[in-house]
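> no FASTA, just this:
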């Protein structure tokens, strides 16, 4: 009986978390964007390379030679990782919102499916990395950070491809739609 209760409680909590996340993303979605704003955002270079190097083994070995510095170094790196994750999440949400707005003009029938897959993959990894930062397990995050950045790059590339294919006049109107 207790096991069933724990499983049901976990399912309810995951569902509530997902619902809150969807509400937050819907509230944060831009209501009006023109092609120029989207183009300027997508042309802006995004680099999170330093994020993957926060917990490098060389730095840890160097700091480990100084007594008392390791704990402070680890705490500061975890805080920096959380700030990077917050910025990366903001970029991802904005890119995802742009892709949601561009979905109706996409020529790719699998574009919507790709959006959902990227959203799920990003938020699962984001949750794991955030939990690792909170719990103090910051090492070996480089692969996961690269996967998060790839999710963001996939969205940005997809949106740039749609903008390149579609001749947008105003806020997501094609010339055929205006006639």
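Okay, I see it. Treat the numbers as computed from the prediction; the structure is a model and nothing was measured.

> and for residue 87, the neighbour number?
When counting by other C-beta atoms under 10 Å, one arrives at 13 neighbours for residue 87. Any C-beta I mention is one placed from the backbone N, CA and C, and that applies to glycine too.

> that one sits in which helix or strand?
Using DSSP states H and E, residue 87 falls within helix 69-102.

> who's in contact with the helix or strand that that helix is followed by?
Using DSSP H and E, the helix or strand that directly follows helix 69-102 along the chain is helix 111-135. By C-beta atoms under 8 Å, 6 or more residues apart in numbering, the list of residues contacting helix 111-135 from outside reads 21, 78, 81-82, 85, 88-89, 92, 96, 99-100, 103, 106, 108, 138, 141, 144-145, 147-148, 151-152, 154-155, 158, 162.

> helix or strand with the lowest mean pLDDT in this structure?
helix 175-178 (a mean of 38; mean pLDDT, DSSP states H and E).

> which residues does stretch 148-163 contact?
For stretch 148-163, contacts defined as C-beta under 8 Å, 6+ apart pick out 35, 38-39, 42, 46, 48, 51, 88, 91-92, 95-96, 98-99, 102, 105-108, 111, 114-115, 118, 121-122, 125-126, 129.

> quick check: buried residues in that stretch?
148-149, 151-152, 154-156, 158-163 (16 or more other C-beta atoms under 10 Å).
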